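Undergrad: Structure for the following, please:
(2 chains)
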Number of protein chains: 2
Amino acid sequence: MSMSGGGGLTFRELQRIILEMYGEKDAARGDAATFLWLAEEFGELATALRSGTQQELALEMADVIAWLTTLANIRGVDLEAALMQKYGPGCPGCGTSPCVCDPSEKP
Amino acid sequence: MSMSGGGGLTFRELQRIILEMYGEKDAARGDAATFLWLAEEFGELATALRSGTQQELALEMADVIAWLTTLANIRGVDLEAALMQKYGPGCPGCGTSPCVCDPSEKP
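TA: Okay, the predicted model is just below:
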């Protein structure tokens, strides 16, 4: 996995890497079938969260992100742009950071 | 949301931003309760995938990533390190990019 610059892995780099690695298969599989794979990894994350080692937990989180990235590629979503839009101005609820939303709304 | 360097949003920057925004609440809530929030967003992602606008889909993906990042923060997982370990050397199944796994194993 090559990274440009050395400033850390960016969301756009991961989208490019996953596109290169799986793009052809992803396009053929489609979004609904890809969601099933993502859901399977989501279940494995729950297992690792409950009873896995720290290493297993970390790798299950990586798998969830990889399949979500695949889904973003298939549907043409720019994850960085989406994250900046939703969380860039601060908490979407209260608009600040640290979040000061009422705990009944955002515990 | 401030980014260092301008080379794009990195996973480590997002972990830091989410920690600053929600770290205190996250630590009090704990991992199991946080997984419930993540699961709720996961369901909303399915809805957006099926019937949402492109904008709604993008923002639901951002929410899933934000809650997964919260979970990583709570459990002390470095998402970049996990992604590099799992996907850095190529596809975890066949070790190359593009993936050449048999379609019966990785469609």
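
Undergrad: make it CA atoms for all contacts and neighbour counts henceforth
TA: OK.

Undergrad: Is the residue nearest to the spatial centre of chain A in a helix, a strand, or coil?
TA: Per CA atoms, centre = their mean, the C-alpha nearest to the average position across chain A is that of residue A:65, at 3.6 Å. Three-state call for residue A:65 (DSSP: H, G, I helix; E, B strand; the rest coil): helix.

Undergrad: Contacts only, for it.
TA: Contacts for residue A:65 (CA atoms under 8 Å, 6 or more residues apart in numbering or on different chains) come out as residue B:65.

Undergrad: any idea how far residue A:92 is from residue A:7?
TA: Computed as CA to CA, to the nearest Å, the residue A:92 to residue A:7 distance reads 27 Å.

Undergrad: just residue A:37 next, same as before
TA: For residue A:37, the distance to residue A:7 (CA to CA) stands at 31 Å.

Undergrad: Quick check: pLDDT value at the nearest residue to residue A:100 once chain neighbours are set aside.
TA: The spatial neighbour of residue A:100 that comes closest, neighbours along the chain excluded (CA to CA, 6 or more residues apart in numbering or on different chains), is residue A:94 at 6.3 Å. You'll see residue A:94 listed with a pLDDT of 95.

Undergrad: Could you report the neighbour count for residue A:94?
TA: Per other CA atoms under 10 Å in any protein chain shown, the neighbour tally for residue A:94 reads 14.

Undergrad: quick check, it in a helix?
TA: No. Counting by three-state DSSP, residue A:94 falls outside a helix, being coil.

Undergrad: Can you verify my assumption that it contacts residue A:101?
TA: Yes. With contact defined as CA atoms under 8 Å, residue A:94 counts as touching residue A:101 (5.5 Å).

Undergrad: in which helix or strand would I find the closest residue to residue A:45 other than its chain neighbours?
TA: Spatial nearest neighbour of residue A:45, excluding adjacent residues (CA to CA, 6+ apart): residue A:60 at 5.2 Å. Residue A:60 belongs to helix A:54-75 when assigned by DSSP states H and E.

Undergrad: Run through the neighbouring helices and strands of the next helix-or-strand element following that helix.
TA: Later in the chain than helix A:54-75, the nearest helix or strand by DSSP H and E is helix A:79-87. In terms of contacts (3 or more CA pairs under 8 Å, 6 or more residues apart in numbering or on different chains; DSSP states H and E), helix A:79-87 is packed against helix A:11-29, helix B:54-75.

Undergrad: This completes my enquiry, with thanks.
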